[in-house]
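# Provide a 3D model corresponding to the input given below.
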Amino acid sequence: MNTAKLDRVALEAMLGSLRPKLHRYCARMAGSVIDGEDIVQETLIKALQAIDGDAAVERPEQWLFRIAHNAAQDHLRRRQREQARMSETDMTTIEDPSASADARLATAASLRSFMQLATVQRSAVILVDVLGLSLHETCEVSGATLAATKAALHRGRSQLRLLASQDEQAPAPKLDADDERRLRRYVDLFNARDFDAVRALIAEDIQLEVVNRTRMRGKAQVSNYFGNYDRVQDWALSLGFVDGRPAILIRNPQAGDDAVRGFMLVDWQDGKVSHIRDFRYAPYCLADADIRFIDG
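Got it, this is the predicted structure:
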């Protein structure tokens with residue numbers, strides 16, 4: 001399909017099928033599956049705004065990836081204003097191996113490794129070696145010339161190979177004692193199915209996002225969310241980290257394994273739970289996540 005007239009229904013259907021692929025790109029660009037989901041949601045908003053007026057879209061998939069690419073760039077620029085600039089290393093002297101070997105290396109590389117690439121290199125490697133786009137499709141998404149794309153791909157591949165040859169040891173994340181105490185109480189009450197006590201912990205104006213499903217606001221609405229968990233048996237919660245952020249990990253005790261099926265992020269304000277993000281229905285976010293358990 002080269003040209004299509006997209007309305008909201010068609011766009012949301014297309015996003016449903018492309019969301020894991022979009023997220024993989026955005027997460028690798030941002031270095032976090034959580035930030036990657038934020039960029040995917042920003043992409044949807046911008047795409048919906050763009051199609052207002054019923055305009056025809058040429059090559060809808062590339063068009064959507066171009067929006068995601070720009071949203072990721074905006075996200076990184078905002079981050080750079082808050083943090084120190086990421087350094088760029090010139091690795092032009094390293095010889096390229098075969099494209100298939102580069103693809104295997106890029107697919108296996110951690111989000112932390114990708115964040116050590118310059119932005120243009122990161123984008124080129126993800127689009128070509130992880131998502132399988134052609135060079136010309138990559139140029140269409142990034143807006144770069146073919147020569148610039150080839151150069152960025154070459155340098156990015158070289159840097160990834162250098163990083164893969166090194167012993168990558170990410171520092172172990174740490175949880176503040178007060179945060180751990182609050183989260184452990186939340187998890188213990190949740191696992192005990194004492195949802196009246198859980199509801200007592202949440203703020204009146206609490207905000208909830210069940211990622212890829214729905215949003216709720218206010219204690220009355222969010223109380224229904226806890227009721228949904230109370231009706232099923234396929235979950236057990238434990239403390240951990242996702243991409244270095246404190247998280248509540250969701251496993252299925254009926255599955256007979258320790259695989260993480262999802263996770264929650266819980267924010268507190270004035271001693272009350274003010275915001276919950278539940279990734280139970282966004283399994284694509286787990287594919288690239290750095291997940292660690294907290295003992296105890």
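
# so how far is R231 from A147?
58 Å (C-beta to C-beta, to the nearest Å). Quick note: C-beta positions are derived from backbone N, CA and C, even for glycine.

# which of the two has more neighbours?
A147 (9 against 6; other C-beta atoms under 10 Å).

# What is the helix or strand harbouring that one packed up against?
Using DSSP states H and E, A147 falls within helix 146-164. On a contact count with 3 or more C-beta pairs under 8 Å, 6 or more residues apart in numbering; DSSP states H and E, helix 146-164 meets helix 99-108, helix 111-114, helix 119-125, helix 135-142.

# after that helix comes which helix or strand?
Using DSSP H and E, the first helix or strand after helix 146-164 is helix 177-191.

# Contacts made by that following helix with the rest, please.
For helix 177-191, the surrounding residues in contact (C-beta atoms under 8 Å, 6 or more residues apart in numbering) are 175, 195, 197-198, 201, 229, 236-239, 246, 248, 266, 268, 273, 294.

# Mind doing that once more with 10 Å?
174-176, 194-202, 226, 229-230, 235-240, 246-249, 253, 264, 266, 268, 271-273, 276, 294, 296 (C-beta atoms under 10 Å, 6 or more residues apart in numbering).

# Check these for burial and list the buried ones.
175, 195, 198-199, 201-202, 226, 229, 235, 237-240, 246-249, 264, 266, 268, 272-273, 276, 294 (16 or more other C-beta atoms under 10 Å).

# Helices - which of these land there?
If you go by DSSP state H, the buried ones among the contacts of helix 177-191 have 195, 198-199, 201, 226, 229 in helices.

# nearest to A259, of those residues?
Nearest to A259 among these: Y229, at 18.7 Å, using C-beta to C-beta.

# Please name the spatially closest residue to the closest one (chain neighbours excluded).
Spatial nearest neighbour of Y229, excluding adjacent residues (C-beta to C-beta, 6 or more residues apart in numbering): W235 at 6.7 Å.

# hey, what's the residue nearest to V260 when sequence neighbours are not counted bridged with?
Excluding its sequence neighbours, the residue lying closest to V260 (C-beta to C-beta, 6+ apart) is L249, at 5.1 Å. Using DSSP bridges, the bridge partners assigned to L249 are S238, F263.

# just checking, L249 touches L237?
Yes - when contacts are counted by C-beta atoms under 10 Å, L249 is listed as touching L237 (6.9 Å).

# Of all the residues in stretch 211-231, which ones are buried?
For stretch 211-231, by 16+ other C-beta under 10 Å, it's 211-212, 216, 222-223, 225-226, 229.

# what about the helix holding A147, distance to the chain center?
23 Å (C-alpha atoms, centre = their mean, to the nearest Å).

# cool, and stretch 219-237?
Worked out by C-alpha atoms, centre = their mean, stretch 219-237 lies 24 Å from the chain centre.

# Put the alpha carbons of it into CSV.
C-alpha atoms of stretch 219-237 as CSV (Å, rounded to 0.1, in the frame of the first residue of the first chain):
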residue,chain,number,x,y,z
LYS,A,219,-10.3,7.0,43.8
ALA,A,220,-13.7,5.7,42.7
GLN,A,221,-12.6,4.7,39.2
VAL,A,222,-9.3,3.3,40.3
SER,A,223,-11.0,1.1,42.9
ASN,A,224,-12.5,-0.9,40.0
TYR,A,225,-9.0,-1.6,38.8
PHE,A,226,-8.2,-3.3,42.1
GLY,A,227,-11.4,-5.3,41.8
ASN,A,228,-10.2,-6.6,38.4
TYR,A,229,-7.1,-8.0,40.0
ASP,A,230,-9.1,-9.5,42.9
ARG,A,231,-11.1,-11.6,40.4
VAL,A,232,-8.1,-13.4,38.8
GLN,A,233,-5.4,-15.7,40.2
ASP,A,234,-2.7,-15.4,37.6
TRP,A,235,-0.5,-12.9,39.3
ALA,A,236,2.0,-12.4,42.2
LEU,A,237,3.9,-9.2,42.9
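
# any idea of the mean pLDDT for that stretch?
For stretch 219-237, mean pLDDT is 95.
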